[in-house]
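In: fold the stuff below for me.
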Amino acid sequence: MNYDFIVVGAGSAGCVLANRLTADGAHKVLLLEAGDKDTSPLIHMPNGVGVVIAGTKYNWQFNTASEPELNNRELFWPRGKGLGGSSSINGMVYIRGHASDYDSWRQQGNMGWGYEDVLPYFKKSMNQERGEDDYHGVGGPLNVKDGNSKMSIHRKFIDAGVEAGYPFNPDFNGAEQEGVGPIQLTKIGNERCSAARGYLTPIIARNNLTIATAARLTRIVLKDGRATGVEYLHKGEVKKANASREVLLCAGAVQSPQLLKLSGIGNAEELESHGIDCLHDLPGVGENLQDHLDVVVQFHADGSATLQKFSKWYNVAYAGLRYLVLGDGPGTENAMEAAGFVKSRPDIDLPDLQLHFIPTFMFDHGRKRDDQSGICMHVCQLRPASRGRILLENADPLSDPKIEAGYLSAPGDLEVMVQGVKVARRIFGMKALSSIIGEEHSSSRGRETDESIAEFVREYAETIYHPVGTCKMGIDEMSVVDDQLRVNGLKGLRVVDASIMPTLVGGNTNAPVIMIAEKASDMILEAVGQ
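Out: Below you'll find the predicted structure:
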């Protein structure tokens, strides 16, 4: 049970580290994952995500505490559990955010994290099927390709966006982000390309890599200000493993701060209130939580143009069977293949709204069905000022943490969401969609004043699954890690996942997390002299 590196969490970041740190054979690595292997065909079938996200085998299924500004609702927070983490249950959307997001990180004192610094790692991580250029690489583990939907409605949405005055953008990860256009996906052939598929599956037989699934971390072991190993539950037994070089925490924005706190690293007052000895007082652990709040604007639509037919049980069965036998058919398609990055008002510099178009009604994260046919637009605010936090519910490592997301706690955030609803309605009102679109769904129909739209947001807004920031990288007193991702004040311990983001990027977060882990891998190997 002696290793050079112990990686905690086999999500997007953990899979990257496991691959890169074992590549030259010089280092012995243990990869711990609380979930199971990614063997379900529903993970690899792109259209199987709705079934996977509704279950508990591959989804932690967290819930927030009551959110005061969202009518005291408790919000459902899916998080991936198992090899690949959230990349095994997400929408496969490949988006990086805006270049200025990373320049902002550098401006906050994080040297080496500007856009020009991180772009090489985005390129290194990917195999762009369109080919190599200034913004995209080829030959990397993460396959990125265009969607393959046969449905013309995705193009109609893009046409409607252009008609509404937004530029057509064929590449949201290129020179410009603003506009409407097609989404690229993390797929390989007709299958999902999760971080596990791209980074872990090809190297699973390396003799210097040990992977333990169903392994639940209970604490990081500290001795004289250094992380020396971990304790974890595996098949009913408490086991210990030693790390001669480093423990690398990759459990995500929800569980990385929880595991630090359970290990005695965090706000001393909070730890002591749960009977945990504070071994290292670090008040920023769990603070600075940020997420993209999202509200769905929906319209009735002609069923022949939407995904309605796939809600019938016999069509679902046909799609699944065809995928299992032939590896093709509707099961290979992704519901999200068109999007937009737009401004809530013309006098701002950057797009502050992201639009995800889906040709079906969406209720309760897709867990509820509707017999009627419709289309929807997810509207999310890209750079919220609101902040939340992750707290301990108790000292039991098997308990879920307490999530206080703090949505809309900054007053200006609600105004952006209200304007976003108006943007969605404007696009849906364009001629390009007039032949298939009907009336607005009753959830938002008739809400015309800003006050009534705001109430619609409070009543229906949900997460779009991008929590970050709870182990903030920075130089102020609330920072948890430095710009090398080392936990401040300790040796032998780094955090490598979405929790280190000082501010939320303007887009989906999976590609940025993979970039972070690629960059961290180089940092770690450089530190050990290789």
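In: quick check: Leu233 is in a strand.
Out: Yes: assessed with DSSP: H, G, I helix; E, B strand; the rest coil, Leu233 lies in a strand.
In: do you know how far it is from Asp347?
Out: According to CB to CB, to the nearest Å, Leu233 stands 54 Å off from Asp347. To be clear about C-beta, it is placed using only N, CA and C from the backbone, and glycine gets the same treatment.
In: try Asp103
Out: For Asp103, the distance to Asp347 equals 21 Å [CB to CB].
In: now swap in Glu451 and tell me
Out: Shown here: Glu451 relative to Asp347, a distance of 23 Å by CB to CB.
In: for these two, indicate the residue with more neighbours.
Out: Neighbours of Glu451 and Asp347, each counted by other CB atoms under 10 Å, are more numerous for Glu451; the result is 9 against 5.
In: are we agreed that that one is in a helix?
Out: Yes: assignment of Glu451 by three-state DSSP places it within a helix.
In: doesn't Leu271 lie inside a helix?
Out: Yes: counting by three-state DSSP, one finds Leu271 located in a helix.
In: check what pLDDT it gets.
Out: pLDDT, Leu271: 98.
In: neighbours of it, how many?
Out: Neighbours of Leu271 (other CB under 10 Å): 25.
In: wait, it touches Gln258, no?
Out: No: assessed by CB atoms under 8 Å, Leu271 is found out of contact with Gln258, at 11.8 Å.
In: show me the shaky parts of this structure.
Out: Where the chain drops to pLDDT under 70, the residues are 309-315, 530.
In: what segments of the stretch 251-400 of the chain are strands?
Out: 265-266, 280-281, 293-301, 338-342, 353-358, 374-381, 389-391 (DSSP state E, counting those that start in this stretch).
In: for Glu33, which of the ones you listed is the nearest?
Out: Closest to Glu33 of the strands of the stretch 251-400 of the chain is strand 389-391 (CB to CB; 20.1 Å).
In: what's the first helix or strand after the closest one?
Out: Using DSSP states H and E, the helix or strand that follows strand 389-391 towards the C-terminus is strand 402-404.
In: so which elements touch that next one?
Out: Applying 3 or more CB pairs under 8 Å, 6 or more residues apart in numbering; DSSP states H and E, we find strand 402-404 packed against strand 389-391.
In: ok, Asp328 - contacts?
Out: Contact partners of Asp328, counting by CB atoms under 8 Å, 6 or more residues apart in numbering, are Asn190, Arg322.
In: got the strands of the stretch 251-400 of the chain as JSON lines, with mean neighbour count and distance to Pro78 columns?
Out: Below are the strands of the stretch 251-400 of the chain laid out as JSON lines (neighbours: other CB atoms under 10 Å; distance: least, CB to CB, whole Å):
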{"stretch": "strand 265-266", "mean neighbour count": "28", "distance to Pro78": "25"}
{"stretch": "strand 280-281", "mean neighbour count": "16", "distance to Pro78": "31"}
{"stretch": "strand 293-301", "mean neighbour count": "24", "distance to Pro78": "13"}
{"stretch": "strand 338-342", "mean neighbour count": "27", "distance to Pro78": "20"}
{"stretch": "strand 353-358", "mean neighbour count": "24", "distance to Pro78": "15"}
{"stretch": "strand 374-381", "mean neighbour count": "26", "distance to Pro78": "15"}
{"stretch": "strand 389-391", "mean neighbour count": "23", "distance to Pro78": "16"}
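In: can I get these in a markdown table with distance to Ile427?
Out: As requested, the strands of the stretch 251-400 of the chain are exported to a markdown table (distance: least, CB to CB, whole Å):
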| stretch | distance to Ile427 |
| --- | --- |
| strand 265-266 | 44 |
| strand 280-281 | 50 |
| strand 293-301 | 9 |
| strand 338-342 | 8 |
| strand 353-358 | 8 |
| strand 374-381 | 7 |
| strand 389-391 | 35 |
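In: so for Gly147, which of these sits nearest?
Out: Nearest to Gly147, of all the strands of the stretch 251-400 of the chain, is strand 338-342, at 8.3 Å by CB to CB.
In: okay, now the sheet partners of the closest one, with direction.
Out: strand 179-182 (antiparallel), strand 353-358 (antiparallel) (DSSP bridges).
In: tell me which of those lies nearest to Ser87.
Out: Per CB to CB, nearest to Ser87 of the strands paired with strand 338-342: strand 353-358, 17.2 Å.
In: neighbouring contacts of the closest one?
Out: With CB under 8 Å, 6+ apart, strand 353-358 has contacts from 91, 93, 154, 157, 161, 180, 292, 307, 335-336, 338-344, 375-382, 416, 419-420, 423-424, 427, 464, 506-507.
In: so which bits of the helix or strand hosting Tyr102 are buried?
Out: Assigned by DSSP H and E, Tyr102 belongs to helix 99-107. By 16 or more other CB atoms under 10 Å, the buried positions in helix 99-107 come out as Ala99, Ser100, Asp101, Tyr102, Asp103, Ser104, Trp105, Arg106.
In: same thing with stretch 256-275?
Out: Those would be 256-268, 270-271, for stretch 256-275 by 16+ other CB under 10 Å.
In: any idea which element the residue nearest to Val51 when sequence neighbours are not counted lies in?
Out: With CB to CB, 6 or more residues apart in numbering as the criterion, Val51 has its nearest non-adjacent residue at 5.2 Å, and that residue is Leu42. According to DSSP H and E, Leu42 maps onto helix 41-44.
In: after that helix, next one along is what?
Out: Per DSSP H and E, the first helix or strand lying C-terminal to helix 41-44 is helix 49-54.
In: list of residues touching that next one?
Out: 40, 42-43, 58-59, 78, 88-92, 365-367.
In: after the strand or helix carrying Asn143, which helix or strand is next?
Out: Assigned by DSSP H and E, Asn143 belongs to strand 142-146. Remark: after strand 142-146, the chain's next helix or strand is helix 153-163, criterion DSSP H and E.
In: buried ones in that next one?
Out: Ile153, His154, Lys156, Phe157, Ile158, Asp159, Ala160, Gly161, Val162, Glu163.
In: same deal with stretch 511-520?
Out: Neighbour-count burial for stretch 511-520 flags Ala511, Pro512, Val513, Ile514, Met515, Ile516, Ala517, Glu518, Lys519, Ala520 (criterion: 16+ other CB under 10 Å).
In: from memory Leu30 sits against Val8, does it?
Out: No: using CB under 8 Å, Leu30 is not in contact with Val8, being 9.2 Å away.
In: so which residues of the stretch 51-200 of the chain form helices?
Out: Taking DSSP state H, counting those that start in this stretch as the criterion, the stretch 51-200 of the chain contains helices spanning 99-107, 115-125, 153-163, 195.
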